[in-house]
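> Attaching a predicted model along with its sequence, questions to come.
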Amino acid sequence: MAILDILTLPDPKLKTKAQRVTDFDGSLAQLTEDMLETMYAAPGIGLAATQVDVHQKVVVMDVSEDSDTPMVFINPEIIEATGSQTYEEGCLSVPGIYAKVKRAEQLVMKYQDIAGEWHELSADGLLAVCIQHELDHLQGIVFLDHLSTLKRKMAMKKLLA
Ligand code: GNR
Ligand code: NI
């Protein structure tokens, strides 16, 4: 187990698009363990591999109240999204900045587990917010990219102050 360094803005590596995972081997299992340890230590409720400078489609999450429900999603894809909700988001890669972001309320995601088996998960509320936030990271998108130009500029100014 190891705690990994988390990239923060304005690091351009956060804009990298992740590649599909093709090898379901021991190094993938090791990566997900290290990502979970890093997420819990931060502390955060989700972490995308992009944030630890690994540009593969790997996400870990735990949105449970007691932080005792780790989830690992490999090659996740949202296949249905409906409704809308607004939630005040933060991000370990954008420390100290919080802003309301509008996203889908319900979604269905397909993903592989670390053995390569496919699953489907229906999500709403905070879990759906977190899934959309993490899948954005895999595409090189951070939550500030959902804000108006003015709000994004104000956030960047605060971040760099
Ligand atoms: O820890 C986190 N909290 C959070 C709160 C609201 C919406 C999204 C998140 S994810 C964030 C951890 C993180 O940066 N994941 O990429
Ligand atoms: Ni984030």
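That came through, no problem. Ligands and ions are numbered 1, 2, ... in the order given.
> residue contacts, the residue nearest to I97 when sequence neighbours are not counted?
Spatial nearest neighbour of I97, chain neighbours left out: A155 (4.9 Å); criterion: CB to CB, 6 or more residues apart in numbering. Backbone N, C-alpha and C define where each C-beta goes, glycine included. With contacts defined as CB atoms under 8 Å, 6 or more residues apart in numbering, A155 is in contact with V94, I97, A99, L144, L147.
> List the buried residues in the one helix or strand A155 maps to.
A155 is part of helix 149-160 when elements are defined by DSSP states H and E. Using 16 or more other CB atoms under 10 Å as the test for burial, helix 149-160 gives R152, A155.
> from the chain's centre, how far out does it sit?
A distance of 21 Å separates the centroid of the chain from that of helix 149-160, by CA atoms, centre = their mean, to the nearest Å.
> Briefly note if it comes near ligand 1.
No - Helix 149-160 is not in contact with ligand 1 by CB under 6 Å from any ligand atom; minimum separation 13.6 Å.
> burial measure for the residue lying closest to L138 once chain neighbours are set aside, as a count.
Once flanking residues are discounted, L138 sits nearest to A18: 4.2 Å by CB to CB, 6+ apart. By the measure other CB atoms under 10 Å, the count of residues near A18 is 20.
> Nearest to ligand 1, out of the contacts of A155: which one, please.
Lowest distance from ligand 1 to the contacts of A155 (CB to the nearest ligand atom) belongs to V94, with 7.4 Å.
> Which of the helices or strands spans that closest one?
Counting by DSSP H and E, V94 is found in no helix or strand.
> can you count the residues close to it?
As a burial measure, V94 scores 21 neighbours (other CB under 10 Å).
> One more: the one 5 residues further on?
Counted with other CB under 10 Å, the burial measure for A99 works out to 18 neighbours.
> Then the one 5 residues further on?
The tally of other residues near A104 (other CB under 10 Å) stands at 18.
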